[in-house]
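>>> could you work out the structure for the sequence below:
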Amino acid sequence: MPRTSSKPLMLVALLTASFVINLDTTLVNVALPTLSLELDTSTAELQWVVDAYNLVFAALLLTSGSLSDRFGRKGMLMAGLLVFGAASFVGGYAGSPEELIAARAVMGLGAAMTFPGTLALLTGVFTSRKERALSIGLWGATAGVAIALGPIVGGFLLQHYSWASTFYVLGPISLAVIALVALFVPKERNPAPHRLDYLGLVLSGGFMGLLVYTIIEAPNHGWSSPASLAGFAGSVILLIAFIVSERRADEPMLDVRLFKDMRFSAASAAVTIAFFTLLGFIFLITQYFQFIRGYSALSTGVHLLPVAISVAVGSTLGTRLAVRLGTKAIVTAGLTLQAVFYFWAAGTLSPTLDYGIIAVQMVVYGLGMGLTSAPATESIMGAVAADKAGVGSAINDSTRLLGGTLGVAVIGSAYATLYDSRLTDALPPLPSGLTDLAHQSVGAAFGVSGRFAALGQSSTAQAVHQAASDAFHDGLVLGCVVAGLAAVAGALLAGAFLPAQPPSKPEPDDAADLAGATSGRAAVNT
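Got it, this is the predicted structure:
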């Protein structure tokens, strides 16, 4: 058993591991414009630099969670960090888009091996609800801060070094985190190892991989295209096969009956919607700051700090308030705040809006995000048996990743569709090549405007710039409305189905918490 005094060090080690994986979510994104120039990367290849990581991460989360429950969460976490860090370091040496995409895919494997263990190990030691709520609140705060700090770190590295530095830096950081985990995280000994559910591993990986791939590609093919419909149909078939196989298995990797527990399923839906709005928010606001406000990548990251700070505050407060006031009330309030932010932003954002107002809006959003995701995660992990904590954590992580992928795809599609339509109506006559370029993005349209300005054709330059700015604004408003409606739906679902509190049962007090942990959790050895 770890001594009580060692628990803060264990907490720091696991939060740092979570921080590294979450940091990469947005760290690499700021390097994409540089990559397009230095590696001669096409738009499709740039998308796969991001999506190869997300696809492998999503596909292997449940598999990794199940394997960590079977073979040991600490060992799986450390191996994952090693794979993640090594692949990232190698990615910095990539000389072609294909090499970089391959490195990102291997990084996704490392992330999938690492992430479920961070949450599962926390809940294995912090067993009373108050301690579990605090540790998960800090875990959620760390995730929010890392995602928001990614553009700051990436922008700083790009300003002073090459694009490769955004990959090199994660190598030594991962080694340092491995050392922290080795020193301070106790090794588990599972008294009753489960047999591996091979069919469940294959079907879960196939379902998640195909679903995420289809969502990623749907904006390019069209949501109602034959390819997209076939992908969604195949995902449904694999999901049904997975459910059937798990119900028939003697020792399933996931007891699907767990979804009948609203503490688990309604909370999972809340996490999905929260990350739908979060990644949609980052997609919209970074373009607004960089293209409309003219901020650099580093400055954009700095201007996002109100979100990072308020997510951290909301996460730590949210889990504590959920213990006192009930998970239903806090999660519903959090999703309501997210909806307030989006509708407020839809009605006010403009090129000249005072940043002070934007900062207040971001604080509202960040608090809503923290009040939603951390208490919902605490509800999910509280509903899962101790020996299945790795799979439970993987389910939570899968909902986050699936929600975020959907957020970028759906909100991005809504924005892009209206942007394209508005630009078609307002753009002055241009050579066909420049017209097509302007339709690619608002940044490309501003580049077209700059070409005409350099040629002394100021009236055409002004007309292109104004048309692109107006089209972006209309697309931004629609994206905000879509995200706001999703948050409203989430609030209604949480209010209707999420239990206020877990079933009453004796809780170990803080002083005797560890003494009784072996009866409800896997034994832990130092």
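
>>> how deep is Ser162 tucked in, by neighbour count?
14 (other C-beta atoms under 10 Å). (Glycine included, C-beta is placed from N, CA and C.)

>>> ok, the residue lying closest to His465 once chain neighbours are set aside - contacts?
Nearest residue to His465, sequence neighbours excluded (C-beta to C-beta, 6 or more residues apart in numbering): Ser449, at 4.1 Å. Taking C-beta atoms under 8 Å, 6 or more residues apart in numbering as the criterion, Ser449 is in contact with 461-462, 464-465, 468.

>>> ok, those vs Gly155, which is closest?
Checking the contacts of Ser449 against Gly155 with C-beta to C-beta, the nearest one is Ala468 at 23.6 Å.

>>> where does pLDDT dip in the stretch 151-300 of the chain?
Residues of the stretch 151-300 of the chain meeting the criterion pLDDT under 70: 188-194.

>>> try the chain
Using pLDDT under 70, the chain drops low at 1-5, 33, 36-37, 41-44, 188-194, 387, 502-526.

>>> hang on, the earlier thing: okay, and the residue nearest to His465 sits in which element?
Ser449 belongs to helix 442-454 when assigned by DSSP states H and E.

>>> which parts of that helix are buried?
442, 444-449, 452 (16 or more other C-beta atoms under 10 Å).

>>> show me where the stretch 251-400 of the chain has its strands.
With DSSP state E, counting those that start in this stretch as the definition, the stretch 251-400 of the chain shows no strands.

>>> would you map the helices across it?
262-287, 297-303, 305-325, 327-348, 355-383, 389-426 (DSSP state H, counting those that start in this stretch).

>>> of those, which is nearest Leu149?
Each of these has some distance to Leu149 by C-beta to C-beta; the shortest is helix 305-325, at 6.1 Å.

>>> what's the spacing between the closest one and its chain's center?
17 Å (C-alpha atoms, centre = their mean, to the nearest Å).

>>> ok, now stretch 225-239?
That offset, for stretch 225-239, works out to 23 Å (C-alpha atoms, centre = their mean).

>>> for that stretch, list every residue counted as buried.
Neighbour-count burial for stretch 225-239 [16+ other C-beta under 10 Å]: 228, 231-232, 234-235, 238-239.

>>> can I get these in a markdown table with distance to Val49?
What follows is the buried residues of stretch 225-239, written out as a markdown table (distance: C-beta to C-beta, whole Å):
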| residue | distance to Val49 |
| --- | --- |
| Ser228 | 22 |
| Gly231 | 21 |
| Phe232 | 25 |
| Gly234 | 25 |
| Ser235 | 24 |
| Leu238 | 27 |
| Leu239 | 28 |
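
>>> out of those residues, which comes closest to Ala438?
Ser228 (26.4 Å).

>>> ok, and the closest non-adjacent residue to the closest one?
Ala218 (4.6 Å).

>>> just the helices in the stretch 101-250 of the chain please.
With DSSP H, counting those that start in this stretch as the criterion, the stretch 101-250 of the chain has helices spanning 129-160, 165-168, 170-184, 198-221, 226-248.

>>> adding distance to Ala491, write those out as TSV.
Converted to TSV, the helices of the stretch 101-250 of the chain look like this (distance: least, C-beta to C-beta, whole Å):
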stretch	distance to Ala491
helix 129-160	18
helix 165-168	36
helix 170-184	36
helix 198-221	23
helix 226-248	26
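
>>> pick the one among the buried residues of stretch 225-239 closest to Thr417.
Closest to Thr417, out of all of the buried residues of stretch 225-239 and judged by C-beta to C-beta, is Ser228, at 14.9 Å.

>>> any idea how far that closest one is from Pro8?
Distance from Ser228 to Pro8, counting by C-beta to C-beta, to the nearest Å: 48 Å.

>>> same question for Ala227.
51 Å.

>>> Leu35 against Ala164, yeah?
No - counting by C-beta atoms under 8 Å, Ala164 is not a contact partner of Leu35; they are 9.9 Å apart.

>>> Val384: what's it in contact with?
So Val384 contacts 258, 264, 391-392, 395 (C-beta under 8 Å, 6+ apart).

>>> which residues are contacting stretch 19-33?
Here stretch 19-33 has contacts from 46, 49-50, 53, 81, 84, 88, 104, 107, 111, 114-115, 118, 142-143, 145-151, 153-155, 158, 163, 166-167, 170, 173-174, 177, 282, 286, 297, 300-301, 404, using C-beta under 8 Å, 6+ apart.

>>> so which residues of the stretch 1-150 of the chain form strands?
Using DSSP E, counting those that start in this stretch, strands in the stretch 1-150 of the chain do not occur.

>>> closest to Ser373 among the contacts of Ser449?
Ala468 (34.4 Å).

>>> any idea how far that closest one is from Gln159?
Counting by C-beta to C-beta - Ala468 and Gln159 are separated by 26 Å.

>>> which one's more surrounded, those two?
Ala468 (28 against 11).

>>> need the nearest residue in space to the more buried one, chain neighbours excluded.
Nearest non-adjacent residue to Ala468 (C-beta to C-beta, 6+ apart): Ala445, at 3.4 Å.

>>> can you check Glu378 too?
Using C-beta to C-beta, 6+ apart, the nearest residue to Glu378 is Ile136, at 4.5 Å.

>>> measure the closest residue to Ala389 other than its chain neighbours to Ser393 for me?
Counting by C-beta to C-beta, 6+ apart, Ala389 lies nearest to Ala120, which is 3.8 Å off, once chain neighbours are set aside. In this view, Ala120 and Ser393 are 4 Å apart by C-beta to C-beta.
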